[in-house]
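In: The following block contains a protein sequence and its predicted model.
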Amino acid sequence: MDITYINAVVLPLFATWFLPVSIRDRKTGKYLGIVNKRAASLVLSLFSLETVLVVQQHGVSTYSMNSIALYVAMPIVGAFVFVKYTHKELFGNEIKFTKWW
């Protein structure tokens with residue numbers, strides 16, 4: 001299977017489901033940041049998946065490392081945007097991004 005098809009499914013799931021649930025508390029709506037056990041393990045698993053997929057298809061190169069960085073950064077940024085603009089209605093309070101980590 002091509003890396004494009006796998007990323008077409010995996011990256012939106014990370015951006016709209018897995019990471020937003022882990023960076024914000026479900027009950028209170030409090031912003032937890034990206035450096036908590038759950039979010040860090042999700043980012044590590046995404047990094048591992050992308051490393052396997054990209055290195056298998058393109059080999060180890062500068063292009064591969066840049067691709068992995070981009071593939072991991074896109075869902076993280078997407079998760080913050082998703083939480084910022086959609087979770088306000090769920091909890092009634094807007095997130096104050098005092099820390100990004």
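Out: Structure's in. What do you need?

In: Identify each buried residue in the helix or strand where residue 84 lies, please.
Out: Here residue 84 sits within helix 62-91, counting by DSSP states H and E. Buried positions in helix 62-91, judged by neighbour count with 16 or more other CB atoms under 10 Å: 64, 67-68, 71-72, 75-76, 78-80, 82-83, 87. Using the backbone N, CA and C atoms, a C-beta is placed for each residue, glycine as well.

In: and these as TSV, adding pLDDT and distance to residue 15?
Out: Converted to TSV, these look like this (pLDDT from 0 to 100; distance: CB to CB, whole Å):
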residue	pLDDT	distance to residue 15
64	96	22
67	96	17
68	96	16
71	96	11
72	96	11
75	96	4
76	93	8
78	93	3
79	90	5
80	86	9
82	86	6
83	82	10
87	65	13
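
In: Quick check: the farthest pair among those residues?
Out: The most widely separated members of those, counting by CB to CB, are 64 and 87 (34.0 Å).

In: Apart from its neighbours in sequence, what residue is nearest residue 18?
Out: residue 42 (5.3 Å; CB to CB, 6 or more residues apart in numbering).

In: Point out the other helices and strands that the helix or strand encompassing that neighbour packs with.
Out: Here residue 42 sits within helix 37-58, counting by DSSP H and E. Here helix 37-58 touches helix 3-13, helix 19-23, helix 62-91, going by 3 or more CB pairs under 8 Å, 6 or more residues apart in numbering; DSSP states H and E.

In: Switch those helices over to TSV; also include distance to residue 38.
Out: TSV is the format used below for the helices and strands packed on helix 37-58 (distance: least, CB to CB, whole Å):
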stretch	distance to residue 38
helix 3-13	15
helix 19-23	4
helix 62-91	12
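
In: hang on, isn't residue 20 packed against residue 79?
Out: Yes: judged on CB atoms under 8 Å, residue 20 makes contact with residue 79 at a distance of 5.0 Å.
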